[in-house]
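Enquirer: from the sequence below, what's the structure:
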Amino acid sequence: MNLIEASKGILDQLRCVSAAIPQKHFSKPLLSLNHATIGQHIRHTLEFYMELQQGYPLGKVCYDQRKHDKAIEEDRTMVLGVIDGIERFLDTAPKDKQLVLEGSYSMGNHPEFSINTNFFRELAYNIEHAVHHMAIIKIGLAETNPGMELPASFGIAVSTMRYKQQEA
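Expert: Numbers count the residues shown, from 1 in each chain. A predicted model of the protein is given here:
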């Protein structure tokens, strides 16, 4: 499976969860998530893909510039539209290209570092980042929707699934 297909698989899983969860559970602060919401984790995950999409034509990505769009984290139907937009971008088959990743680990507002990277490396990062947040989302779903059926791979890294398969 290539990185585009893997990303689309992740996005499809997020689409299914967003469509299945009741709106009231989507935007409800949860004790198990330290009072964050499932919607916040989905929004956060999608905004990383959105920053990569927006930075691709410019050759520069800065995940620190995410919008933190409350509308996405509070409205699960909006999530579906955002996912469609990201998938359309991925369907236009962006080729690998050199990018610069900018960011900061201080409270200042300006980038403190610039790292040479490429589109496929950042797409791989987005996949790993998404799986991490999907594992957190799964914890929230256990609180709000116990027994909700999820894909067996939801929130589990492929390398972990391979390891478990070898152990069995």
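Enquirer: could you pull out the helices in this protein for me?
Expert: 3-20, 23-26, 38-55, 70-74, 76-91, 119-144, 158-167 (DSSP state H).
Enquirer: relative to P111, which of the ones you listed is closest?
Expert: helix 38-55 (12.3 Å; CB to CB). C-beta: built from backbone N, CA, C; applies to glycine.
Enquirer: the lowest-mean-pLDDT helix or strand in the chain vs helix 3-20, what angle?
Expert: Across the helices and strands of the chain, mean pLDDT, DSSP states H and E gives its lowest value to helix 158-167, namely a mean of 89. Orientation note: helix 158-167 sits at an angle of 90 degrees relative to helix 3-20 (axes from the mean of the first three to the mean of the last three CA atoms, to 10 degrees).
Enquirer: that older thread, deepest-packed of the helices of the chain, please.
Expert: With neighbours defined as mean count of other CB atoms under 10 Å, these peak in mean count at helix 38-55, which reaches a mean of 22.
Enquirer: circling back: rank the helices of the chain by pLDDT, which is bottom?
Expert: Note on the helices of the chain: lowest mean pLDDT is at helix 158-167, with a mean of 89.
Enquirer: and the angle for that helix with helix 119-144?
Expert: Using the same axes, to 10 degrees: helix 158-167 against helix 119-144 is 70 degrees.
Enquirer: show me how far helix 158-167 is from its chain's centre.
Expert: 22 Å (CA atoms, centre = their mean, to the nearest Å).
Enquirer: before we move on, back to that, can you tell me which of the helices of the chain is nearest to C62?
Expert: Nearest of the helices of the chain (CB to CB): helix 38-55, 6.8 Å.
Enquirer: any idea how far that closest one is from the chain center?
Expert: 5 Å.
Enquirer: does anything pack onto that helix? Which helices or strands?
Expert: Helices and strands touching helix 38-55, by 3 or more CB pairs under 8 Å, 6 or more residues apart in numbering; DSSP states H and E, are helix 3-20, helix 23-26, strand 60-61, helix 70-74, helix 76-91, helix 119-144.
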